[in-house]
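Trainee: show me the folded form of this:
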Amino acid sequence: MKILKHIKILLVVGFAFIGINSAIASAPSIKVSLDSAYLLMGKTTPLHVELVNDASTSGQLLIPKDSVCDKVEVLRILDADTSDLGSGRQEIKLDILLQSFDSGMYRLNPIKYVEGGETISSNQPVLKVLPVSIDTLQTIHDYADVADIDRSFIDYLPDFVVDYGLWILAIIVVLGIAAYVIYFVTKKKTPFAFAQPKPVPPYEKALQELNQLRSEKLCEQGRERDFYTRLTDILRIYLQGRFGINAMEMTSTQIRNTLQSNEETRLSKRHMEQVLEIADFVKFAKVRPLPDDNVRAFNSAMQFIEDTKPQPEPEPESESESEKETTEGNKTETNKK
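Mentor: Next up is the predicted model:
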């Protein structure tokens, strides 16, 4: 009986020990450490923070943003590194960069971790900040040599040029533009005039557009309406440029009457009438012309432009030819006498 009693006691103690170990293993832990307990004033040193907890928990690590004690400042917090320890445990490591400008020995405040209403604090290491040796001017120092600095062009300019250089440059530019404008105005020229492209004569422009229209072969594509619209527009623009007739705003009847009253177009108006007649049927009556009608209309437009093109001006007789005719006339009169 005593043996059974002892066995029960051992089992109870064993189960209690296992429960305590599992509870300890599942509890979070946090600790901090320094690379060195000594720090030269003004230098920096990292404070290593190690946190072990369950990966499934959502605790919060409280890290001070300004300082870890009265005289030790937090310069920067580096990125954290998380590693898996297995069994649902994880380890979080991060470094806090510390700096101090006051010599002395300081105990750092603990880093805290809050989880499930409980707060866990880390250990508190001690950091000794060593002062920097300073020359107390007990020895006499000589003057430093004159520094040889690099000089630029602006260093040799007078002060008023450096201070008002932009204003002086602006005044020079304004005076230059004014002089340029005055020069061209006095010469009766237009300043800043760009070369204008030479205008294409109405006759040449009409021929170019007719050749372009023929190359597009709209009638072969079944687009007779577009063909006759383009053809009549070319002729209307030609009448505007060649004779000053505002044909774009006129009806076909008005164009016929205007061509009849103009001596230069009276004889050739029949070609224009043929084009307008077929075009009106196609555009308004929606009549589909035959291929021969299309060729006839295009040739009539071409013939109208050729018949009404400007005639070349006669070249003036040269002085040598005039003198020759005068000499021959004088000889003829002398022979008669």
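
Trainee: which parts of stretch 89-96 are buried?
Mentor: By neighbour count on 16 or more other Cβ atoms under 10 Å, the buried set for stretch 89-96 is 89-90, 92, 94-96. All C-beta spots, glycine's among them, are computed from the backbone N, C-alpha and C.

Trainee: next one: stretch 298-305
Mentor: Quick answer for stretch 298-305 (16+ other Cβ under 10 Å): 298, 300-305.

Trainee: tabulate these in TSV, adding columns for secondary structure.
Mentor: Output for the buried residues of stretch 298-305, formatted as TSV (DSSP: H, G, I helix; E, B strand; the rest coil):
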residue	secondary structure
F298	helix
S300	helix
A301	helix
M302	helix
Q303	helix
F304	helix
I305	helix
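
Trainee: tell me where the chain has strands.
Mentor: Here the chain has its strands, by DSSP state E, at 29-34, 38-40, 44-54, 60-62, 73-77, 81-86, 89-99, 104-107, 112-115, 118-121, 126-130.

Trainee: and the average pLDDT for stretch 297-316 is what?
Mentor: The average of the pLDDT scores along stretch 297-316 is 84.

Trainee: revised request: answer the last question for stretch 103-118.
Mentor: 89.

Trainee: run the chain-centre distance for it.
Mentor: Stretch 103-118 sits 52 Å away from the centroid of its parent chain (Cα atoms, centre = their mean, to the nearest Å).

Trainee: would you mark the buried spots in it?
Mentor: Here stretch 103-118 shows 106, 108, 110-111, 113, 115 as buried, counting by 16+ other Cβ under 10 Å.

Trainee: pull the residues that contact it.
Mentor: Applying Cβ atoms under 8 Å, 6 or more residues apart in numbering, the contact partners of stretch 103-118 are 28, 30, 32, 41, 47, 49, 51, 53, 57-64, 68-72, 100, 119-131.

Trainee: re the thing from before, looking at the strands of the chain, which is closest to K283?
Mentor: The closest of these to K283 is strand 81-86. By Cβ to Cβ, the value is 80.5 Å.

Trainee: which helices and strands does the closest one pack with?
Mentor: strand 89-99 (3 or more Cβ pairs under 8 Å, 6 or more residues apart in numbering; DSSP states H and E).

Trainee: and the strand it packs on, which strands flank it?
Mentor: Here strand 89-99 is paired, per DSSP bridges, with strand 44-54 (antiparallel), strand 73-77 (antiparallel), strand 81-86 (antiparallel).

Trainee: coming back round to it: selecting buried members of the contacts of stretch 103-118 in ChimeraX, what would you type?
Mentor: Per 16+ other Cβ under 10 Å, the buried members of those correspond to this ChimeraX selection:
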select :28,30,32,47,49,51,53,59,61,63,68,72,100,120,122,125,127,129
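
Trainee: got the CA positions of stretch 149-169 in CSV?
Mentor: Extracted in CSV, the C-alpha atoms of stretch 149-169 (Å, rounded to 0.1, in the frame of the first residue of the first chain):
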residue,chain,number,x,y,z
ILE,A,149,40.4,77.7,-52.5
ASP,A,150,39.1,77.3,-56.0
ARG,A,151,38.1,80.5,-57.7
SER,A,152,35.6,80.8,-60.5
PHE,A,153,35.0,83.6,-63.1
ILE,A,154,32.3,85.2,-61.0
ASP,A,155,34.8,85.8,-58.1
TYR,A,156,36.7,88.4,-60.3
LEU,A,157,33.6,90.4,-61.2
PRO,A,158,32.8,93.6,-59.3
ASP,A,159,30.2,93.4,-56.6
PHE,A,160,27.6,95.5,-58.4
VAL,A,161,27.8,93.1,-61.4
VAL,A,162,27.2,90.1,-59.1
ASP,A,163,24.4,91.7,-57.2
TYR,A,164,22.5,93.2,-60.2
GLY,A,165,23.8,90.9,-63.0
LEU,A,166,20.3,89.6,-63.9
TRP,A,167,18.9,93.1,-64.1
ILE,A,168,21.7,94.3,-66.3
LEU,A,169,21.3,91.3,-68.6
